[in-house]
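1. Fold the following, please.
(one chain, ligands or ions: 1)
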Amino acid sequence: MSTPTRRRLSDAPFLAAATGGTPNRRPVWFMRQAGRSLPEYREVRAGVGMLESCFDPELLCEITLQPVRRHGVDAAILFSDIVVPLKAAGIDLDIVPGVGPVIAKPVRTADDVRALPRLRREEVGAVVDGVRLLLDELGDTPLIGFAGAPFTLASYLVEGGPSKNHERTKAMMLADSDTWHTLLGVLTDITIEFLRAQLGAGVDAVQLFDSWAGALSLAQYREFVLPHSARVFAELAAAGVPRIHFGVGTGELLGAMGEAGADVVGVDWRVPLTDAVRRVGAGKALQGNLDPAVLFAGPAVIEREVRRIAHEADEAIAMGATGHIFNLGHGVLPQTDPGAITATVELIHGLPLPL
Ligand code: 1CP
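-> As a prediction, the model looks like this:
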């Protein structure tokens with residue numbers, strides 16, 4: 001893969017922590033750091049649809065920069081959505097305010113799967129243009145690209161929208177495994193193409209969001225999901241950038257998610273980092289894991305929880321983790337006070353580094 005535009009940012013604390021180096025401060029960024037918690041986001045999004053903003057290079061650049069400017073986080077994450085490559089490929093869907101992605105014609109049968117389009121690079125040209133604008137603006141701050149993992153994308157396509165129980169998805173997976181693996185193969189190809197487009201434009205790291213994989217048993221994950229996610233990571237290895245893997249409620253899956261091939265494994269707030277390192281095994285960095293609800297509990301609680309996590313991270317590193325990137329255990333909640341986020345970043349940056 002040719003990536004002539006990639007920047008050299010080896011001193012960036014986020015990249016040092018992700019690659020087994022020694023960061024000069026504790027790196028922190030937040031999943032969903034761009035978005036409704038920020039008044040400047042609500043202002044630029046007024047009257048502009050979610051998907052429209054994801055395909056507008058200037059707007060996606062501006063929204064990506066907002067949390068970097070305001071909070072001084074150690075990484076930017078591309079403003080996009082996991083369904084953007086599906087939309088770009090021609091699948092009829094929308095992101096409905098207050099709901100999330102809604103698919104016009106859910107994918108339920110072998111014929112539906114056969115009819116799915118593939119993604120051509122030029123269809124995400126607006127995202128590529130947005131990445132290029134961002135690299136000019138970001139200075140020394142790394143840019144994380146991302147995509148949804150095949151299972152989480154499949155859940156939206158099969159259910160037709162957000163789902164609590166993923167029952168139709170699991171039904172296809174368990175009753176018609178040929179159709180399931182064909183579907184995940186198509187989604188894996190789309191995910192790889194979307195991430196390659198971002199890497200070609202110069203993103204400094206990638207995160208694969210398998211947000212809903214925690215709904216699966218370990219046996220289901222291993223048989224029906226892991227081989228596909230592993231193909232995503234394997235195909236991106238040559239880019240030489242850190243690859244992060246994250247899902248919510250995946251405490252039972254952490255070992256298998258690490259096996260899929262990421263360099264960094266994201267951990268939600270349910271599992272202490274000292275347990276996470278045992279499950280993931282030595283040789284990978286960890287990312288997480290402040291409960292997003294803690295940001296509502298006031299400065300004293302935030303400080304107590306941040307210090308606990310930093311302490312557990314240091315222990316995890318002593319146990320074989322190659323680094324720690326501070327983050328939440330899932331995304332910033334829309335009602336979060338942005339001041340609490342900025343204060344949390346300052347607190348983390350002020351903590352001593354492990355000896
Ligand atoms: O109009 C709006 O503001 C809609 C809210 C919103 C936003 C701000 C959606 C709809 N997507 C996004 C942006 C987004 N989506 C980002 C921005 C970058 C950043 O982190 O700052 C990212 C990383 C995503 C990824 C995403 N979309 C995931 C994976 C991350 C996660 O939260 O687990 C998932 C599952 C989605 C689907 C989605 N898109 C939007 C919503 C509300 C949802 C979730 C719906 C559900 O509950 O199933």
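2. Next to the ligand, which bits of the stretch 251-355 of the chain? Give me the list.
-> Within the stretch 251-355 of the chain, the positions adjacent to the ligand are residue 331 by Cβ under 6 Å from any ligand atom. Yep, even glycine has a C-beta here, placed from its N, CA and C like the rest.
3. Now do the helices in the stretch 251-355 of the chain.
-> Using DSSP state H, counting those that start in this stretch, the helices of the stretch 251-355 of the chain run over 254-259, 273-280, 299-318, 338-350.
4. Tell me which other helices or strands the second one touches.
-> Using 3 or more Cβ pairs under 8 Å, 6 or more residues apart in numbering; DSSP states H and E, the elements in contact with helix 273-280 are helix 254-259, strand 285-290, helix 299-318.
5. ok, now with 6 Å
-> Under the contact definition 3 or more Cβ pairs under 6 Å, 6 or more residues apart in numbering; DSSP states H and E, helix 273-280 sits against helix 254-259, helix 299-318.
6. what do you get for the last one?
-> The helices and strands touching helix 338-350, judged by 3+ Cβ pairs under 6 Å, 6+ apart, are helix 57-71.
7. now the helix it packs on, how far from the centre of its chain.
-> The gap between where helix 57-71 is centred and where its chain is centred comes out at 17 Å by Cα atoms, centre = their mean, to the nearest Å.
8. coming back round to it: highest mean neighbour count across the helices and strands packed on helix 273-280, which stretch is it?
-> Each of these was given a mean neighbour count from mean count of other Cβ atoms under 10 Å, and the largest, a mean of 21, is that of helix 254-259.
9. which residues are contacting that helix?
-> Applying Cβ atoms under 6 Å, 6 or more residues apart in numbering, the contact partners of helix 254-259 are 221, 222, 226, 245, 265, 276, 279, 280, 284.
10. got it, and stretch 239-252?
-> Contacts of stretch 239-252 with the rest of the structure, by Cβ under 6 Å, 6+ apart, involve 1, 18-19, 199, 205-211, 213-214, 218, 233, 236, 257, 262-266, 268, 270-271, 330.
11. and that stretch, how far apart are its ends?
-> End-to-end distance for stretch 239-252: 29 Å, by Cα to Cα, to the nearest Å.
12. Could you check how far that stretch is from the centre of its chain?
-> Mean-position distance between stretch 239-252 and its chain equals 8 Å (Cα atoms, centre = their mean).
13. Give me the buried stretch members for it, please.
-> 239, 241, 242, 243, 244, 245, 246, 247, 248, 249, 250, 251 (16 or more other Cβ atoms under 10 Å).
14. quick revisit: is it possible to get CSV of the helices and strands packed on helix 273-280 that adds mean pLDDT?
-> Listed next are the helices and strands packed on helix 273-280 as CSV, based on pLDDT from 0 to 100:
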stretch, mean pLDDT
helix 254-259, 97
helix 299-318, 98
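15. Tell me the secondary structure at residue 118.
-> Following DSSP: H, G, I helix; E, B strand; the rest coil, the label given to residue 118 is coil.
16. quick one: secondary structure of the closest residue to the ligand within the stretch 201-350 of the chain?
-> The stretch 201-350 of the chain approaches the ligand most closely through residue 211 (3.2 Å), counting by Cβ to the nearest ligand atom. Here residue 211 is coil, with the state taken from three-state DSSP.
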